[in-house]
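Peer 1: give me a 3D structure for the following:
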Amino acid sequence: MSRKQRNVASVVTPQMIETYLRSRQASPIDLTPERLRLHLDAFERGWLQPLAQTMEQIKDLDDLLPILSFKREVAPAVHGWEVLTVDDSATAKRHKKAIEDFYNNVRCVNAVDEDERGEMSLLLRQMMFAVGYRYSLHEINWLDLGNLITAEFRYVPLQFFERRTGRLRFCPTLMDYNGIPLEPERWLVTVGQGIMKACAIAYYYKHQPLRDWLIYCAKHGMPGTAGKTTAQPGSDQWKAMEVAVAAFAAEFAAVMSKDDSIEPIDLTAKGNIPHPALVDRMDRALTILWRGGDLSTMSSVKGEGRGASLMEGEMEMLDAADSMMLSEALRMYVDRPLIMRRFGQTPLAYISICTGTKTDSKQEMEIDNHFYNMGVALSRRDLYERHNRAAPKDEEDTVQKLPTDPLLPTEPAANEAQPPSEKLIERVNDQYIKALAADTRPLAERLAALLVIDDDNELTAAIQELEKDFPEIAGQVLDADASVKVLDDAQKEAMA
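Peer 2: Residues are numbered from 1 along each chain as shown. Model (predicted):
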């Protein structure tokens, strides 16, 4: 790529951004079942703009969705990323270096909100929009800086695209029926679940009862006040009653003669009103869609500890799926073109988005040590990847192996004399084993004699004879003091 290609004009012009901002509605307050159904049908047929705008507004305005979506979308950026190689060749190392330099110098910006700027973490968070919107698209402006190739990624909202032919196409005027095909190597396309379609339905069924609940509270939240008097209507006493009732009442108030009455029409619900339960049901549905499980519901059914464990497992599964989605998109749309531009070769290195999956590190290390001690060959690259450790670079100093106990001296070299304490321990161990064998010889000889008897009757008789003689044999063993003498002498020598 030549330096003339460094500053390629963005396909999203300032005029397009101005039109986009003017066309945005403040809120989906006019959302109806019919309108939502039309938006969903149009989205499936490839006309993305109506539902894309509705999903964006719902995600911003609901009281629960902003935090749910943020937790899911920011996770990959928090976990970080690494570049791995397919082998240990010099070519793979060069490819790894080029990919690392690319992502360490990458820039990212929101095309319709250019104050939103960042680096790799912002790119990963914007790519995660695909989880909700089904697609997340970035325009790639490749930057050739001599020995370094990097890029600027510009996030373009889904409203600028249509998919009537089965492939995403760019719509310069937002309302184009036929868009422009996406240029190869010019776009990063991330494809995810698109759970905001289900969230839009849950949003409607949540906010309809929420609105009705608010109206109910406004009309029936405060009791009325009735003032009764024997005074004639219009008299001074009657007017005084009107003033008193008006000052006392917060909502409905009336003044009537003693014999008059007002019959109330009771529209209040008997028992619990249904609105809170339906709103809570939709909130839990939104939580399940974004987080994989509703902790409160699962805990009430399975037990609190079990519910937390299940939700943690579901989140780990979603976390791993999000990592694969981002990693595959970056490998296909970025890593391959990058290595082809730089080296003209198929990449032997690739980016991997880390996950927050919890592993039993102690168990993993025990298994690795077991295989190593059995002589099974282990892959260094696999060990680094599974234990989330970066392989050392050639120019880096590596940590050296420490002695088993830092407070004790290391093992002496072959030509180095052993210290006196170690010589004493070796000699005492040898003497103690021999002395212990001498002390227990009476019992050992009788047991050895049993092992050579083939006849069952003779063996039974010999065992019975040993049982009868055992007190005497045990006394001989306990009276023997050769092993005790060895330990006593060793203690005296060590003290000296």
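
Peer 1: in three-state terms, how would Phe153 be classified?
Peer 2: strand (DSSP: H, G, I helix; E, B strand; the rest coil).

Peer 1: which residue packs closest to it, ignoring adjacent ones?
Peer 2: In space, and not counting its chain neighbours, Phe153 is closest to His138: 4.2 Å by CB to CB, 6 or more residues apart in numbering. C-beta here means a position set from N, CA and C on the backbone, and glycine is covered the same way.

Peer 1: so what's the residue count around the one you found?
Peer 2: Neighbourhood size, His138 [other CB atoms under 10 Å]: 25.

Peer 1: next, it: phi, psi?
Peer 2: phi -130, psi 130 (degrees, to the nearest 10).

Peer 1: against Trp187, how distant is it?
Peer 2: His138 sits at a distance of 7 Å from Trp187 (criterion: CB to CB, to the nearest Å).

Peer 1: now for the residue nearest to Phe153: which residues touch it?
Peer 2: Cys108, Leu123, Gln126, Met127, Phe153, Arg154, Tyr155, Val156, Trp187, Leu188, Thr190 (CB atoms under 8 Å, 6 or more residues apart in numbering).

Peer 1: in terms of contact, does the fourth one touch Thr190 like I think?
Peer 2: Yes. The pair Met127 and Thr190 passes the contact test of CB atoms under 8 Å, sitting 4.5 Å apart.

Peer 1: between those two, tell me which one has more neighbours.
Peer 2: Using other CB under 10 Å as the criterion, Met127 and Thr190 rank with Met127 on top: 28 against 23.

Peer 1: from Leu40, how far off is that one?
Peer 2: Counting by CB to CB - Met127 and Leu40 are separated by 24 Å.

Peer 1: and if you look at Val12?
Peer 2: For Val12, the distance to Leu40 - CB to CB - is 26 Å.

Peer 1: what of Leu348?
Peer 2: In this view, Leu348 and Leu40 are 44 Å apart by CB to CB.

Peer 1: where do the helices of the stretch 201-350 of the chain begin and end?
Peer 2: Ranges of helices in the stretch 201-350 of the chain, per DSSP state H, counting those that start in this stretch, are 236-248, 275-291, 295-302, 304-330, 336-343.

Peer 1: any idea which of those gets closest to Arg134?
Peer 2: helix 304-330 (11.7 Å; CB to CB).

Peer 1: pick out the residue closest to the middle of this structure.
Peer 2: Asp319 (4.0 Å; CA atoms, centre = their mean).

Peer 1: list the contacts of it.
Peer 2: Contact analysis of Asp319 by CB under 8 Å, 6+ apart lists Ala75, His79, Thr355, Gly356, Thr357.

Peer 1: just the ones of these in strands?
Peer 2: With DSSP state E as the criterion, strands contain none of the contacts of Asp319.

Peer 1: ok so, going back, now tabulate the contacts of His138 in a markdown table and tack on distance to Glu314.
Peer 2: Listed next are those as a markdown table, based on distance: CB to CB, whole Å:
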| residue | distance to Glu314 |
| --- | --- |
| Cys108 | 30 |
| Leu123 | 26 |
| Gln126 | 24 |
| Met127 | 22 |
| Phe153 | 30 |
| Arg154 | 34 |
| Tyr155 | 28 |
| Val156 | 32 |
| Trp187 | 32 |
| Leu188 | 28 |
| Thr190 | 22 |
